[in-house]
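S.K.: Sequence below, structure please.
(one chain, ligands or ions: 1)
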Amino acid sequence: MLPTIEWRGDHVRVIDQRKIPAKVEWYVCRGYRDVIKAIQTMVIRGAPAIGVAAAMGLALGADGIRTNAYPSFVRQFRKVAELMAAARPTAVNLRWAVDRILRLVESMAGAPVDRIKTAIRRESEAMLAEDIEINRRIGEHGQTLVPPEATILTHCNAGSLATGGYGTALGVIRAAREAGKKVQVIADETRPWLQGLRLTAFELMQDRIPVTVIADNAAGYLMRQKKVDLVITGADRIAANGDVANKIGTYQVAVLAKENGIPFYVAAPLSTIDVRIKSGEMIPVEEREGKEICCFGKRLMGPEGVKAFNPAFDITPAKFVKAIVTERGLIRPPYVRGIGKIFSS
Ligand code: MRU
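M.R.: Numbers count the residues shown, from 1 in each chain. As a prediction, the model looks like this:
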């Protein structure tokens, strides 16, 4: 399985996901601004992966602060943290990771700045290892939903590349295979960035899990022909009522699944659940440049000057979600109660 991100001496390097599958190349981040740029330009993407990247980016940011006085350090560090948290708006894992590091820094108030810098780096390393472990647990719980033989449809890439490793939705598929189940995957191509075609298909082929790519608009046709047994996706943010923000196109897949009597599941770590947000309407949805839709590479495919609207995510209302798979087990509807219970236990 490909690594997503790692420390390399004094710098962080990430697999450049824009280049997969043509090339598997590292992208080097020497300072926190490089990490912000990598997140914004989709060098690294996927909710848990950008959370880990943010933590590592903050360690780079802390290293660059030249003072030995805690008050000055924390003042400068908070500015870096706010810039990092704003890199992309929808995936709450980014804010979650920044807040976790900020809490660490605040808990060490008055300690020597060098010790704080070391602690931030250690925390970011721990967050990477934890994320992989969490995904394995999501996989264990989630695979219980998969029948002994199953065709599973997924949207976008919620795999190893979208996380510290192993993946959330693809983690469930991997775990089902490890449990001896016969699984095959239908991967939506996922326009406009083609995460399904480029990344999900690439990861699954590396693992020798059978995968077939379809155009996004073919999902309903296949479901109606009874060629899909279940759907599983990742999430970028889940509201307290179970509404799910995920890659644009997820909502229509969920509606089609319900219409065709196919279970639609979401796999995500607890760090993706934002209990401060009551419902999906309050989740900020990133809008990206229209040229991502209108161009293939640098080539414009539409008429010069055409207007395009490019929301990167959509919201799937909780009523379409049969269960949410977390590292602590399955959450079933009603989600307000289920999510409340899991956070209070
Ligand atoms: O724009 P992206 O590629 O960052 O969007 C990613 C997704 O929507 C994933 O499905 C989500 O982050 C879950 S990843 C485990």
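
S.K.: what's the domain layout of this structure?
M.R.: Per automatic domain parsing, the structural domains of the chain span 5-136, 139-344.

S.K.: Mean neighbour count and mean pLDDT for these - can I get that in CSV?
M.R.: To be clear about C-beta, it is placed using only N, CA and C from the backbone, and glycine gets the same treatment. CSV is the format used below for those (neighbours: other CB atoms under 10 Å; pLDDT from 0 to 100):
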stretch, mean neighbour count, mean pLDDT
domain 5-136, 19, 98
domain 139-344, 20, 98
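
S.K.: Put together a markdown table for the ones you listed, with distance to the ligand on each row.
M.R.: A markdown table is the format used below for these (distance: least, CB to the nearest ligand atom, whole Å):
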| stretch | distance to the ligand |
| --- | --- |
| domain 5-136 | 3 |
| domain 139-344 | 3 |
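
S.K.: ok, now which ones touch the residue lying closest to residue 146 once chain neighbours are set aside?
M.R.: Among residues not flanking residue 146 along the chain, residue 176 sits closest, at 4.0 Å (CB to CB, 6 or more residues apart in numbering). Residue 176 makes contacts with 142-143, 146, 150, 152, 183, as judged by CB atoms under 8 Å, 6 or more residues apart in numbering.

S.K.: Residue 176: which element?
M.R.: In this assignment (DSSP states H and E), residue 176 forms part of helix 169-178.

S.K.: immediately after that helix, which helix or strand?
M.R.: Using DSSP H and E, the next helix or strand after helix 169-178 towards the C-terminus is strand 182-188.

S.K.: In terms of secondary structure, what does that following strand contact?
M.R.: strand 149-154, helix 169-178, helix 201-206, strand 211-214, helix 219-224 (3 or more CB pairs under 8 Å, 6 or more residues apart in numbering; DSSP states H and E).

S.K.: I'd like to know which of these lies nearest to residue 162.
M.R.: Nearest of these to residue 162, taken as CB to CB: helix 169-178 at 8.1 Å.

S.K.: Distance from that closest one to the middle of the chain?
M.R.: Centroid displacement of helix 169-178 relative to its chain, using CA atoms, centre = their mean, to the nearest Å, is 16 Å.

S.K.: Adjust the sequence numbering to begin at 18 for everything that follows.
M.R.: All right, first residue 18 from here; so that's helix 186-195.

S.K.: Format the CA atom coordinates belonging to it as CSV.
M.R.: Extracted C-alpha coordinates of helix 186-195, given in CSV (Å, rounded to 0.1, in the frame of the first residue of the first chain):
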residue,chain,number,x,y,z
ALA,A,186,-14.6,3.2,2.8
LEU,A,187,-11.8,1.3,1.0
GLY,A,188,-10.6,0.1,4.5
VAL,A,189,-14.0,-1.6,4.9
ILE,A,190,-13.6,-3.2,1.4
ARG,A,191,-10.0,-4.3,2.3
ALA,A,192,-11.1,-5.7,5.6
ALA,A,193,-14.0,-7.6,3.9
ARG,A,194,-11.4,-9.2,1.6
GLU,A,195,-9.1,-10.0,4.5
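
S.K.: Contacts only, for residue 109.
M.R.: Neighbours of residue 109 in contact, by CB under 8 Å, 6+ apart: 64, 253-254, 288-291.

S.K.: ok, now how distant is it from residue 213?
M.R.: 22 Å (CB to CB, to the nearest Å).

S.K.: contact partners of whichever helix or strand residue 357 is part of?
M.R.: Secondary structure from DSSP H and E places residue 357 in helix 352-361. For helix 352-361, the external contacting residues (CB under 8 Å, 6+ apart) are 255, 257-259, 287, 290, 292, 335, 338, 341, 343, 345-346, 348-349.

S.K.: Just name the closest of these to residue 60, please.
M.R.: residue 255 (25.3 Å).

S.K.: Contact partners for the closest residue to the closest one other than its chain neighbours?
M.R.: Leaving aside its chain neighbours, residue 255 sits nearest to residue 290 (4.6 Å; criterion: CB to CB, 6+ apart). The contact partners of residue 290, by CB under 8 Å, 6+ apart, come to 109, 254-255, 257, 341, 343, 356, 360.

S.K.: returning to that earlier point: can you tell me which of the contacts of residue 109 are in strands?
M.R.: Judged by DSSP state E, the contacts of residue 109 include 254, 290-291 as members of strands.

S.K.: which of the contacts of residue 290 lies closest to residue 129?
M.R.: Closest to residue 129, out of all of those and judged by CB to CB, is residue 109, at 32.4 Å.

S.K.: if I look at the closest one, how far off is residue 115?
M.R.: Counting by CB to CB, the gap from residue 109 to residue 115 is 10 Å.

S.K.: What of residue 32?
M.R.: Distance from residue 32 to residue 115, counting by CB to CB: 22 Å.

S.K.: And residue 54, by the same measure?
M.R.: In terms of CB to CB, residue 54 sits 16 Å off from residue 115.
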